[in-house]
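S.K.: sequence plus the predicted model coming up.
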Protein chains: 4
Amino acid sequence: MILKQLARTTVLLGSIALAGNALAKGPTPVYSANITESEVLAAQKGWGDALIQIGNDYTSGGYVKAKATATSVLEAAYGYNMGPVLFKPTLTVAPQTFRVTKEGALAYFVGGDSNYPKDTGFALKGWKKVEIENAAIHINGDVASTLGHVIFTDKDGKKTTVDKTWAFKKDDMGKIRIVVHHSSLPFSGS
Amino acid sequence: MILKQLARTTVLLGSIALAGNALAKGPTPVYSANITESEVLAAQKGWGDALIQIGNDYTSGGYVKAKATATSVLEAAYGYNMGPVLFKPTLTVAPQTFRVTKEGALAYFVGGDSNYPKDTGFALKGWKKVEIENAAIHINGDVASTLGHVIFTDKDGKKTTVDKTWAFKKDDMGKIRIVVHHSSLPFSGS
Amino acid sequence: MILKQLARTTVLLGSIALAGNALAKGPTPVYSANITESEVLAAQKGWGDALIQIGNDYTSGGYVKAKATATSVLEAAYGYNMGPVLFKPTLTVAPQTFRVTKEGALAYFVGGDSNYPKDTGFALKGWKKVEIENAAIHINGDVASTLGHVIFTDKDGKKTTVDKTWAFKKDDMGKIRIVVHHSSLPFSGS
Amino acid sequence: MILKQLARTTVLLGSIALAGNALAKGPTPVYSANITESEVLAAQKGWGDALIQIGNDYTSGGYVKAKATATSVLEAAYGYNMGPVLFKPTLTVAPQTFRVTKEGALAYFVGGDSNYPKDTGFALKGWKKVEIENAAIHINGDVASTLGHVIFTDKDGKKTTVDKTWAFKKDDMGKIRIVVHHSSLPFSGS
């Protein structure tokens, strides 16, 4: 845009003197690192879609296909490339409650890792629907946190509701990545 | 989304009266610390309006009134309450080029401070119009930087153009404050 | 500081030429909005201390004193003054799982609010020790998130471990406030 | 802290061998996007070193070598890969005062671009020394702004002082890039 402006300016300057960027056509170029609410909502939906996709790929292509998809999802949608991710999955137990590395996260989603013997593969359970009900959103620069319920429906129509906190960071390329993910079953109340 | 959840909740709870935020109507509550382009443009315009106001107050109420207005402007529109402001006014010279304290900024705008003997009061020159032509804007969290021309028109219609960089920070109260301000006359080209 | 430096510089320059900022006394004034790891660790410890204090005040001064202390803690250590806080306490249940307002948080900590009938007052349980074991920390500008275990010891020496995510925001005054708080009992593994 | 947790865990689990990151040695993993004062000072020095290098390469290898070095510097040290850079070089004039594209910046540093006919190549002037005297620094997340004097010494020992504002942004890879750069000759005072 600027280049075009300057080229045009140069031509015009051949005949008449013109001042400033009064010649500018189009809006001022604006860079923004900030994450927006709509980007957050899209990333949440993308997470749900990806979870369903892994399960579908497990059905259609078996474990190898599901693991490949899960790996792609982790690389595209989580921030493990930037550093540790603060991930507390729904169903993990001590001493492997927290999955701050990509390996730990992958084990949680598809199991099959002898280093995480209790993991059975949350994404292989055949989830068919993921609904997100946000209680509140906190936006701060390129990071946004959300808190709310996520409701998973399995192939038999059975629903499971979890309490979930996410923080999403928009990276330099404009991609939204999960950097915090705390999921828990509701307190049983007893 | 919350509304749907709450509607369902109400049904489940039968006829019990609920209070607290469970009954909240309206969209998901969202907090955002981020500054927006429109807030930046409004702050730029506000700066120009304030400069003109100081000059008008000088005419109508003399130095005392102008200084009071300038003080209010500095307290409301600059970030001296948060720390040093990176302010390089258009017409200052070494060794007092930079005005990182409020006192130095006030001296620049209205003069009359023996600690800044070369200051004659930029805001007292009777500016009647301030136009802003942004070349580019850079938004990063609660801070946004702008670069462009600012054109001042005095009471005789004479225009002075300066090259100006600003950075604005949105504070906790949502107020936009100048934290960087570098203004310079155009290079003379010789 | 700058003024003193410049005045001195002028004197010295009257006789000898001096180079660079060798003349500068004291460091360059630096403003930073950023939160540090040590500030985060101190804020975590402060949260634990405050929880114990509320319980102690309940013992020594009864409900009125405990509620007053809890109110002060919420006003000083949480970000409800800035907007909704993403707070999922350990023991809440739907439809009041999330406490995005100060009222909801206060009810959780000290109970006694008919709008939150299931709350019995988590801070009144007589906690004597709070230990924090971070699994990872994510620092981004003035906000830092932590994930880890928090171990509460009651007056009988019985320990309760929770999985906890916090996000802390450093406000304009330099105070560290909790803006996200998700706490959950460990998955039972069955 | 993690180590203590794991030691305890090991006891509880008896003699079972554990793998995964449960066995991790060392401190809590911490990710930080924030820029530090020392990173800023190093980036400033790097800018000066690069300017001198371009000039030296011009002497040793001619225009082609100087242009190649300048291109590398712009790609490594400026944020043109992220978006427009708010660059007002010292010696540019309207209507090409601002260089928000990499092409415009390159033309300023090495000249030889018919689209910027007044550019003669600031980096080709044979600068031998670059000194930086900061008046103040403003750090906000991954961006830091600086204001101060920069003193250039040429091969004859002649010094030129400019007033300079920079803003540096730390990118996802930890590289520090210039996103704002406003340089101006001191006001002549007349």
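M.R.: Received the coordinates, thanks.

S.K.: now residue A:64: which helix or strand?
M.R.: With the criterion set as DSSP states H and E, the secondary-structure element containing residue A:64 is helix A:37-77.

S.K.: please name the nearest non-neighbouring residue to residue A:73.
M.R.: For residue A:73, ignoring the flanking residues on the chain, the nearest one in space by C-beta to C-beta, 6 or more residues apart in numbering or on different chains is residue A:50 at 4.4 Å. The way it works is simple: take the backbone N, C-alpha and C, and place the C-beta from them, glycine included.

S.K.: per-residue pLDDT, residue A:33?
M.R.: Reading off the confidence values, residue A:33 has pLDDT 98.

S.K.: what sits against it?
M.R.: The neighbourhood of residue A:33, defined by C-beta atoms under 8 Å, 6 or more residues apart in numbering or on different chains, consists of A:141, A:142, A:170, B:139, B:140, B:141, D:169.

S.K.: ok, the residue nearest to residue A:73 touching residue A:74?
M.R.: No. In this structure, residue A:50 sits apart from residue A:74 without contact. The criterion is C-beta atoms under 8 Å, and the distance is 9.3 Å.

S.K.: can you name every helix or strand that the helix holding residue A:64 contacts?
M.R.: For helix A:37-77, the packing partners by 3 or more C-beta pairs under 8 Å, 6 or more residues apart in numbering or on different chains; DSSP states H and E come out as helix A:102-110, strand A:127-140, strand A:143-154, strand A:159-170, strand A:176-184.

S.K.: kindly identify which of the contacts of residue A:33 also come near chain C.
M.R.: With respect to chain C, and counting by C-beta under 8 Å from any C-beta of the partner chain, the subset of the contacts of residue A:33 in contact is A:141, A:142, B:141.

S.K.: would you check that the last one makes contact with residue A:139?
M.R.: No. Look at residue B:141 against residue A:139 with C-beta under 8 Å: they stay out of range, at 9.7 Å.

S.K.: what touches both of those two?
M.R.: Residues within reach of residue B:141 and of residue A:139 at once, by C-beta under 8 Å, 6+ apart, are A:34, B:33, B:34.

S.K.: nearest spatial neighbour of the first one, skipping sequence neighbours?
M.R.: Read that as residue A:34. Using C-beta to C-beta, 6+ apart and skipping residues adjacent in sequence, the residue nearest residue A:34 is residue B:34, 4.7 Å away.

S.K.: and the one you found, that's in a strand?
M.R.: No. Judged by DSSP: H, G, I helix; E, B strand; the rest coil, residue B:34 forms no part of a strand; its state is coil.

S.K.: ok, it - contacts?
M.R.: With contact taken as C-beta under 8 Å, 6+ apart, residue B:34 is in contact with A:34, A:139, A:140, A:141, B:139, B:141, B:142, B:170.

S.K.: need those in JSON lines with distance to residue B:98, can you?
M.R.: Below are these laid out as JSON lines (distance: C-beta to C-beta, whole Å):
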{"residue": "A:34", "distance to residue B:98": "29"}
{"residue": "A:139", "distance to residue B:98": "34"}
{"residue": "A:140", "distance to residue B:98": "30"}
{"residue": "A:141", "distance to residue B:98": "28"}
{"residue": "B:139", "distance to residue B:98": "25"}
{"residue": "B:141", "distance to residue B:98": "25"}
{"residue": "B:142", "distance to residue B:98": "24"}
{"residue": "B:170", "distance to residue B:98": "24"}
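
S.K.: quick check, distance from stretch A:54-69 to the centre of its chain.
M.R.: Using C-alpha atoms, centre = their mean, to the nearest Å, the distance from the centre of stretch A:54-69 to the centre of the chain it belongs to is 20 Å.

S.K.: ok, stretch A:167-175 next?
M.R.: In terms of C-alpha atoms, centre = their mean, the centre of stretch A:167-175 is found 9 Å from the chain centre.

S.K.: quick check: closest non-adjacent residue to whichever residue of chain A sits closest to chain C.
M.R.: Residue of chain A nearest chain C, by C-beta to the nearest C-beta: residue A:184 (3.2 Å). Using C-beta to C-beta, 6+ apart and skipping the chain neighbours, the partner closest in space to residue A:184 is residue C:184 (3.2 Å).

S.K.: pull the contacting residues for that neighbour.
M.R.: The contact partners of residue C:184, by C-beta under 8 Å, 6+ apart, come to A:88, A:163, A:182, A:184, A:185, A:187, C:88, C:90, C:162, C:163, C:164.

S.K.: residue A:58 too?
M.R.: If you count contacts by C-beta under 8 Å, 6+ apart, residue A:58 has them with A:65, A:66, A:110, A:123, A:124, A:126.

S.K.: for PyMOL, write the selection for the buried entries among those.
M.R.: Buried members of the contacts of residue A:58, defined by 16 or more other C-beta atoms under 10 Å in any protein chain shown, are picked up in PyMOL with:
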select buried, chain A and resi 66+110+123+124
